[in-house]
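Asker: Structure, please.
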Amino acid sequence: MVGLALLGAWHVHTKGFVEEALNTGMAQLKVVWDDDQERGISFAEEFGVPYEVDLNKVLANPEVDAVIVECATTKHKEVIIKAANAGKDIFSDKALALSVADCLDIKNAVEENQVKFMVSLESKTIGAYRYAKQLVDEGKLGKVTSVYFRRVHQAAIDKDMLPAYWFNPTETGGGVTLDLGCHGLYLLQHFCGTPKKVTSIMNELYGTGSDENSTTVIEFANGAIGTAHTSFVAYQLDNMLEIIGTEGILVISGAHNFRVLLQSKHVPGHESLSPVENELHPTDTELPSAQFVRLVASDNLQSLPDFDINKAISLTRLIECAYQSAKEQKTVLY
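Answerer: Just a heads-up that it's a prediction; the model follows:
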């Protein structure tokens, strides 16, 4: 049984991620720490565990094998390095940190202390996107030449959708590009490989104090061009993925009940763009927080390649490039 400590209940996905970890039946939540005492106590009471105000005491607790880091993004570096130095395995929400330099400091601490690390890139676990990756890897779309991904919702318009601190840059480190936009940035790499150049445009329309509407275009080393659009100023939550290759096209839309359309030279019955029945593509896998518990419990695995620290660093680098590009109004080399 893996003993877990929750380090912060700041992130809006905290409850779901903790529940998924506990639902493995292989973990117990031992203690909650949060720099906001009221928030921390509330979360601890909900899960029937103690709240501890002193982070150092939490990390010194011998019953804690691993930590789930859900504190404010701007606090990740300090908290994660402390956890690594205490010998605790680490699950971190995205983004890992605000700069590659900070990520490398975290990586050094993880490697020096030989602890396990995992970042939450949860869109990779969605069955429809797993199907997309399968088609790409098997060459069913030919050579991938372009990918478009959109994830949007209405948080800047509906002021009750997210907590007010979600728009405080001293806690978030950025706006929609860093938050909701993470999904598109890491999925583009997932399908296209190594980035080469980044160009981004973003703006603020509803006075939240950060970017609310953002499009990032990435040229990849293999020649593919990827586009990631994200927004806090949409009507409601929605996603769109389009992959175009020399021998096929895949379109996946929806936020929960995904609709999949495929055209492929290599898949009989899909010579023209037509629906793919749900039962023909993979189901969702466990969320990363659950996979993390299994990783910690394993004697044979040190990391999971799709969620390792190098993937976390690559995502942060794209975020850095996007903000630099938008600020300086120029294309930035990855």
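Asker: what's Arg294 in contact with, if anything?
Answerer: Thr24, Met26, Glu286 (C-beta atoms under 8 Å, 6 or more residues apart in numbering). (Each C-beta comes from the backbone N, C-alpha and C, glycine too.)
Asker: Any of those buried? List them.
Answerer: Thr24, Glu286 (16 or more other C-beta atoms under 10 Å).
Asker: Just the buried positions in stretch 162-173, please.
Answerer: Across stretch 162-173, burial judged by 16+ other C-beta under 10 Å covers Leu162, Trp166, Phe167, Thr172, Gly173.
Asker: distance of the fourth one from Phe220?
Answerer: Spelled out, it's Thr172. According to C-beta to C-beta, to the nearest Å, Thr172 stands 28 Å off from Phe220.
Asker: Kindly report the same for Leu55.
Answerer: Computed with C-beta to C-beta, the distance linking Leu55 and Phe220 is 40 Å.
Asker: what's the answer for Asp102, then?
Answerer: Shown here: Asp102 relative to Phe220, a distance of 25 Å by C-beta to C-beta.
Asker: These two - which one has more neighbours?
Answerer: Neighbour count, other C-beta atoms under 10 Å: between Asp102 and Phe220, Phe220 has more, with 22 against 19.
Asker: what's the nearest residue to that one if we skip its chain neighbours?
Answerer: Of all residues not flanking Phe220 in the chain, Cys192 sits nearest, at 4.3 Å (C-beta to C-beta, 6 or more residues apart in numbering).
Asker: just checking, that neighbour touches Gly223?
Answerer: No. Here Cys192 lies out of contact with Gly223, judged by C-beta atoms under 8 Å, at a distance of 9.3 Å.
Asker: sec struct for the residue nearest to Ala109 when sequence neighbours are not counted, please.
Answerer: Closest residue to Ala109 apart from its sequence neighbours, by C-beta to C-beta, 6+ apart: Ala84 at 3.9 Å. When classified by DSSP: H, G, I helix; E, B strand; the rest coil, Ala84 comes out as helix.
Asker: Kindly tell me how buried Ala84 is, as a neighbour count.
Answerer: 24.
Asker: What residues does it make contact with?
Answerer: Under the criterion of C-beta under 8 Å, 6+ apart, the contact list for Ala84 reads Ile90, Ile106, Ala109, Val110, Glu112, Asn113, Val115.
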